[in-house]
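> Sequence and predicted model, in that order:
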Amino acid sequence: MRTAIAIAAAVFLLGAASSGAQAQKAASVTVSVKNHRFQPKELHAPANVPIAIHVKNLDSSRMEFESVTLRVEKVIGGNGEAVINIRPLSPGRYEFFDDFNQEADGVLVVR
């Protein structure tokens with residue numbers, strides 16, 4: 001019985017430790033879309049931590065936040081908002097665009 005309790009406690013502690021490592025605090029960045037343009041056009045975030053990109057669509061038409069390098073695409077309704085959660089990234093430049101309006105583009109710079 002004691003062995004079973006000790007094993008259960010060890011499994012619990014290991015699970016709690018690994019979930020704490022996974023629950024790393026995300027860096028938060030915000031971008032708006034107005035007149036089919038990203039504002040600001042360049043976002044900055046730290047490397048090796050999760051990133052939450054808050055996208056505010058200030059236009060009345062829907063848009064699609066898309067990035068091949070970030071491996072994400074998200075449709076956001078007119079006058080809507082969304083949060084796009086990104087895995088921890090290595091330093092670099094990650095381009096994004098509005099798939100419904102290809103002239104609208106931007107970049108996430110990770111340092």
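Thanks, I have it.

> Name the next helix or strand following the lowest-mean-pLDDT helix or strand in the chain along the chain.
Least confident helix or strand of the chain, by mean pLDDT, DSSP states H and E, is helix 2-22 with a mean of 52. Under the assignment DSSP states H and E, the closest C-terminal helix or strand after helix 2-22 is strand 27-34.

> Which secondary structure elements does that following strand sit against?
Counting contacts by 3 or more CB pairs under 8 Å, 6 or more residues apart in numbering; DSSP states H and E, strand 27-34 is packed against strand 37-39, strand 42-45, strand 51-57, strand 101-110. Every C-beta, even on glycine, is put in place using the N, C-alpha and C of the backbone.

> Kindly present the ones you listed as CSV, with separate columns for mean pLDDT.
Shown next, in CSV, are the helices and strands packed on strand 27-34 (pLDDT from 0 to 100):
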stretch, mean pLDDT
strand 37-39, 98
strand 42-45, 98
strand 51-57, 98
strand 101-110, 94
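
> Buried deepest among the ones you listed, which one?
For the helices and strands packed on strand 27-34, the largest average neighbour count (mean count of other CB atoms under 10 Å) is found in strand 51-57, namely a mean of 19.

> How much space separates the nearest residue to residue 91 once chain neighbours are set aside from residue 93?
Counting by CB to CB, 6 or more residues apart in numbering, residue 47 is the residue found nearest to residue 91 once chain neighbours are left out, at 4.7 Å. Using CB to CB, to the nearest Å, residue 47 is found at 12 Å from residue 93.
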